[in-house]
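> below is the structure, and that's it, no one-letter string:
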């Protein structure tokens, strides 16, 4: 019973947060509708009690109910705006440098950007812009923007010959991706799984799979609905698609994290039919790898922000990841949970709820010693 109440409260909170991210006209429409529902309920209840109302009483109920709703709504909006201002003070402002064939960026030894420029750059339409955000030896981050419909995504490429994967053995308590990253001194990290709702105590429910940390099996709950990315001790990455059910583990499975849905399998789109959002613009978190399993791709798509990014469909994500050299990929928990954090930049993406959510799992990468 407790879990059901928590789930209900979390769903209501997520709904209200989403509402506050909507345009003002939409918020006012919902406010008017809710006010009308309350008026009808009050008048209906009084009618059942056979309490006749004078015209002045009706006016008083109408005005007081409207004012009450207005005060509550205004307080909620003000509190939320203050919350967003506080987040903006601690969130990095990421720079953006468009990639051009004749720039020093394109001629540099950045393999990720060179791949886009020399192999697939001509396939990028005028509606798309790719920009260089950050690079260091072994990590490159680019920003991908679409002008219509408006969308923004961040894609990081991590060289597994120079970086090691970081996972947390304690998945019984949720924490922020930034907190996880700082605790393990990760250079870059994205969210994993939040469970049934955004709440801190929400159960994993159906969103569960295989999870291994440094050779220790934490969860063995694979099913035909859950893909998995895993790594051997030499930091070579492998992919296990949804259809594969792994119940026993070999030496290659030294670290493993489960996801929600297939996206790419063996260099081709393989969008999971289980993802109900697949054809809708949506915030997303995706983990992928190249064919050799020596480069990891982390993609986070911003969404639910009409002036910045409404999100991307699964096909849009898959098509672009193929352009930059991704071979296998899975989607993780999506929506308000989606976030990318880098030690040098802070929160890179713009989470759908205005700030990052707590999740049970995360995946990070830390420079080899």
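Good, I have the coordinates. Predicted, not measured: the structure shown is a model, and the values here were computed from it.
> pLDDT weak spots in this protein?
Scanning the chain for pLDDT under 70 picks out 1-18, 20-22, 46-55, 57-58, 61-62, 65, 69, 72-126.
> try 80 this time
1-32, 34-127, 131-132, 306, 354 (pLDDT under 80).
> quickly list the domain ranges of it.
2-90, 97-367 (automatic domain parsing).
> columns mean neighbour count on top of the ones you listed, output as a markdown table?
C-beta here means a position set from N, CA and C on the backbone, and glycine is covered the same way. What follows is the domains of the chain, written out as a markdown table (neighbours: other C-beta atoms under 10 Å):
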| stretch | mean neighbour count |
| --- | --- |
| domain 2-90 | 12 |
| domain 97-367 | 19 |
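> ok, which stretches of the stretch 201-350 of the chain are helices?
Secondary structure of the stretch 201-350 of the chain by DSSP state H, counting those that start in this stretch: the helices cover 314-323.
> can you show me the strands along it?
According to DSSP state E, counting those that start in this stretch, the stretch 201-350 of the chain carries its strands in the segments 210-213, 216-220, 228-231, 237-240, 255-258, 261-265, 268-269, 284-289, 295-301, 328-331, 340-342, 346-347.
> could the ones you listed go into CSV alongside distance to residue 149?
Below are those laid out as CSV (distance: least, C-beta to C-beta, whole Å):
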stretch, distance to residue 149
strand 210-213, 35
strand 216-220, 37
strand 228-231, 29
strand 237-240, 30
strand 255-258, 31
strand 261-265, 20
strand 268-269, 20
strand 284-289, 15
strand 295-301, 12
strand 328-331, 19
strand 340-342, 21
strand 346-347, 24
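> to residue 192, which of those lies closest?
Of all the strands of the stretch 201-350 of the chain, it is strand 255-258 that lies closest to residue 192, at 5.9 Å by C-beta to C-beta.
> which other helices and strands contact that closest one?
For strand 255-258, the contact count by 3 or more C-beta pairs under 8 Å, 6 or more residues apart in numbering; DSSP states H and E identifies strand 210-213, strand 228-231 as packing neighbours.
> so which of those gets nearest residue 178?
Residue 178 lies closest to strand 210-213 among those, at 19.9 Å (C-beta to C-beta).
> from the rest of the structure, what touches that closest one?
Under the contact criterion C-beta atoms under 8 Å, 6 or more residues apart in numbering, strand 210-213 has outside partners 167-169, 171, 217-222, 226, 228, 230, 240, 246, 249, 253-258, 361.
> repeat for stretch 315-323
Outside stretch 315-323, the residues that touch it by C-beta under 8 Å, 6+ apart are 116, 120, 123-124, 144, 146, 151, 153, 155, 263-264, 267, 269, 271, 278-279, 284, 286, 288, 297, 299, 301, 329, 331.
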